[in-house]
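Asker: predicted model and sequence below, questions to follow.
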Amino acid sequence: AHPVVIAIDGPSGTGKSSTSKAVAARLGLDYLDTGAQYRAITWWMLSGGIDIHDPAAVAAAASKPEIVSGTDPLAPAITVDGTDVSGPIRGQDVTAAVSAVSAVPEVRSRITRLQRTLAAGAPRGIVAEGRDIGTTVLPDADLKIFLTASPEARAARRSNELKGNGGTPGVAATREALLKRDAADSGRTTSPLAKAGDAIEVDTTELTLEQVIERVIGLVEERK
Ligand code: C5P
C-alpha cells in the first residue's frame, strides 16, 4: 500500500494533538506536530534575545537553529541545536510570542521545507497537524480534516491542560489568549489558518476524544 498522508488542521483547543497522536499510533503512522516546530523556533529566538516583533530580525535568524522533530506518536520529542525543548515550548512566554514569529514568511518557508521532508520520508505515512497543512504544506494529502469547537469548549480544555503543566490561568483568561492567537493566525498574509476546500469539518464541541478519533479513523477506512 502506498503511504497515507493525513492533514489535521484547526485552531487551538479543538483536540488536534490528542486526536492526531492517537490516530497515528493506531494506524502505525508517523506523527508531526507542526505547532511544536513554530514553538521551538520561537523559543530559540526568545532565548537568544532576538526582538520577535522585528520581522527583519526574525527573518534574518530564521535559518539558524537546527530543529529536529521526533515523529513517534507515543514520544514526539523536539530538539533545537541538540537540546530537548519539549517542555519549555509549552510555556506562556512562547505561547504569547509564537504567532508573531510564525507570521514571518522566511520562518514559514524554512519550517514548511522541514515538514515536507519529514512527510516524504515517512515509511507508512504520516498524520501532520497544524494550521496550514491541508492548504499549503501537503495540499495532496489523502485525507484532510478541519477540527472546530466552540470557544467555551476550547478554553475549558486548554485551561485543564495548563493545570496539568503547573500553570493555573483561569478559563476566561485562557479564552482571551486563545481568541487573540486565532485572530493573529487567521489574519496573517502568508498561509493563514484556513480550512482547505476539500477538508472535512468535524465540530468536536459535543464529542469525546474517543468519538473524534473513531470518526477520523472511519474516514481513513472509507478512503481505502
Ligand atoms: O498548535 P499549537 O497551538 O502548538 O501552535 C502554536 C502556533 O504555531 C500557532 O498559534 C501558530 O501561530 C503557529 N502554527 C502555524 N502553522 C502551523 C502550526 C502552528 O503558524 N501549521
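Answerer: Yep, that arrived. All values derive from a computational prediction rather than experimental measurement.

Asker: which parts of the worst-scoring helix or strand of the chain on mean pLDDT are buried?
Answerer: Least confident helix or strand, the chain: helix 151-164 with a mean of 84, by mean pLDDT, DSSP states H and E. Neighbour counts over helix 151-164 (16 or more other CB atoms under 10 Å) mark 153-155, 157-159, 162 as buried. All C-beta spots, glycine's among them, are computed from the backbone N, C-alpha and C.

Asker: what does the helix or strand hosting residue 31 contact?
Answerer: In the assignment (DSSP states H and E), residue 31 maps to strand 30-33. Residues from elsewhere that reach strand 30-33 (CB atoms under 8 Å, 6 or more residues apart in numbering): 17, 20-21, 24-25, 69, 71-73, 76, 78, 115, 118-119, 122-130.

Asker: so can I have a markdown table of the buried residues of helix 151-164 showing distance to residue 169?
Answerer: Putting the buried residues of helix 151-164 into a markdown table (distance: CB to CB, whole Å) gives the following:
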| residue | distance to residue 169 |
| --- | --- |
| 153 | 17 |
| 154 | 14 |
| 155 | 10 |
| 157 | 13 |
| 158 | 9 |
| 159 | 7 |
| 162 | 6 |
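
Asker: any idea how far the strand holding residue 31 is from the chain center?
Answerer: 9 Å (CA atoms, centre = their mean, to the nearest Å).

Asker: export it to CSV, keeping only CA atoms.
Answerer: Extracted in CSV, the C-alpha atoms of strand 30-33 (Å, rounded to 0.1, in the frame of the first residue of the first chain):
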residue,chain,number,x,y,z
ASP,A,30,4.4,8.8,11.8
TYR,A,31,3.2,11.9,13.6
LEU,A,32,4.2,15.5,13.1
ASP,A,33,3.3,18.4,15.5
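
Asker: going forward, the N-terminal residue is numbered 17.
Answerer: OK, 17 is where the count begins now, so the last one is strand 46-49.
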